[in-house]
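Peer 1: From the sequence below, what's the structure:
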Amino acid sequence: MGIIAVDPTSPYTGGAILGDRIRMQDHFSDPGIYIRSMATRGSLGGLARATADVATLMDASGRDLIMIETVGVGQDEVDIVRLADVTIVILVPGMGDDVQSIKAGIMEIADIFVINKSDREGADRVEREIRALQSLAIRHDHWTPPIVKTVASEGTGIVELAAAIAEYEAYLQKENLTLQHSIENWQERLIEMLRDALLEKAREQMLERNVARYAAEVAEHKRDPYSLVEEIVGRIGKG
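Peer 2: Residues are numbered from 1 along each chain as shown. Purely as a prediction, here's the structure:
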């Protein structure tokens, strides 16, 4: 198994805690488990820029299962749906996880909902809110995400969660959605890779002093940024 754990980077110091091996003390020394901590380095969407590449590398190394833990940034955390085959949204009662407040974001990407620490007060309220929101939205694949209650510290509900994952994978196979899902994911990734490659090529052709000069010209209203960008892109195409 491969585990990619993404932690937020401080906007002030640029550092990240990356204490995932400490959290997983029962597993980090297991020869069958490889844990890779990653910092977002300013990337939005809950993942680091290189997360997809690391997942591909782990897959090529022969890992049977790759788990990706996002940073938990809330309603903007949607990049994971373009990478993972199964997306699990974990909510915790009494920890500010008001379902109504985040329904505009990650609620739509969940294939399975998990209410962890479900022995706490408020777990039933979270479940009711999820079910109410599910009645308002219909997925294009017609799958209704199940809700699994867990208590991770006691191992409660883990078997049920594994069964829910297997059920969803079987549903994808039955409806011939696995390949379609993979094609959609790679379409997004290829566009992103192309964007990064073109940006890198543009940086190679533009010296830092040129960028500063262009910025000064725009700031002084000598040039407009739109025609300037078109000119730079045209130059890259000729190169």
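Peer 1: only C-alpha atoms for contact and neighbour calcs from this point on.
Peer 2: Noted.
Peer 1: Regarding this structure, what is its longest helix?
Peer 2: Of all the segments assigned as helix in the chain under DSSP state H, the longest by residue count is helix 178-205.
Peer 1: Now do it: which elements does it pack against?
Peer 2: Other helices and strands packing on helix 178-205, by 3 or more C-alpha pairs under 8 Å, 6 or more residues apart in numbering; DSSP states H and E, are helix 225-238.
Peer 1: do that again at 10 Å, thanks
Peer 2: Helix 178-205 sits against helix 158-174, helix 225-238, with contacts defined as 3 or more C-alpha pairs under 10 Å, 6 or more residues apart in numbering; DSSP states H and E.
Peer 1: Among the ones you listed, which comes closest to Leu47?
Peer 2: Checking those against Leu47 by C-alpha to C-alpha gives helix 158-174 as the closest, at 21.7 Å.
Peer 1: Now find how far off-centre that closest one is within its chain.
Peer 2: The gap between where helix 158-174 is centred and where its chain is centred comes out at 20 Å by C-alpha atoms, centre = their mean, to the nearest Å.
Peer 1: Could you tell me which residues within it count as buried?
Peer 2: 161, 164-165, 168, 172 (16 or more other C-alpha atoms under 10 Å).
Peer 1: Let me see the ranges of the helices in the protein.
Peer 2: 20-23, 51-60, 99-102, 123-134, 158-174, 178-205, 208-219, 225-238.
Peer 1: shaky segments in this structure?
Peer 2: Counting by pLDDT under 70, the chain has low-confidence residues at 8-23, 25-26, 28, 41-46, 72-78, 95-107, 208-209, 237-239.
Peer 1: what's next to stretch 141-161, contact-wise?
Peer 2: 88-92, 109-120, 123-124, 127, 130-131, 134-135, 137-139, 162-168, 171-172, 175, 177 (C-alpha atoms under 10 Å, 6 or more residues apart in numbering).
Peer 1: Can you lay out the helices and strands packed on helix 178-205 as a markdown table showing distance to Ala216?
Peer 2: Supplementary listing: the helices and strands packed on helix 178-205 in a markdown table, determined by distance: least, C-alpha to C-alpha, whole Å:
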| stretch | distance to Ala216 |
| --- | --- |
| helix 158-174 | 53 |
| helix 225-238 | 11 |
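Peer 1: for those, which one sits closest to Ile191?
Peer 2: For those, the distance to Ile191 is smallest for helix 225-238, at 16.6 Å, taking C-alpha to C-alpha.
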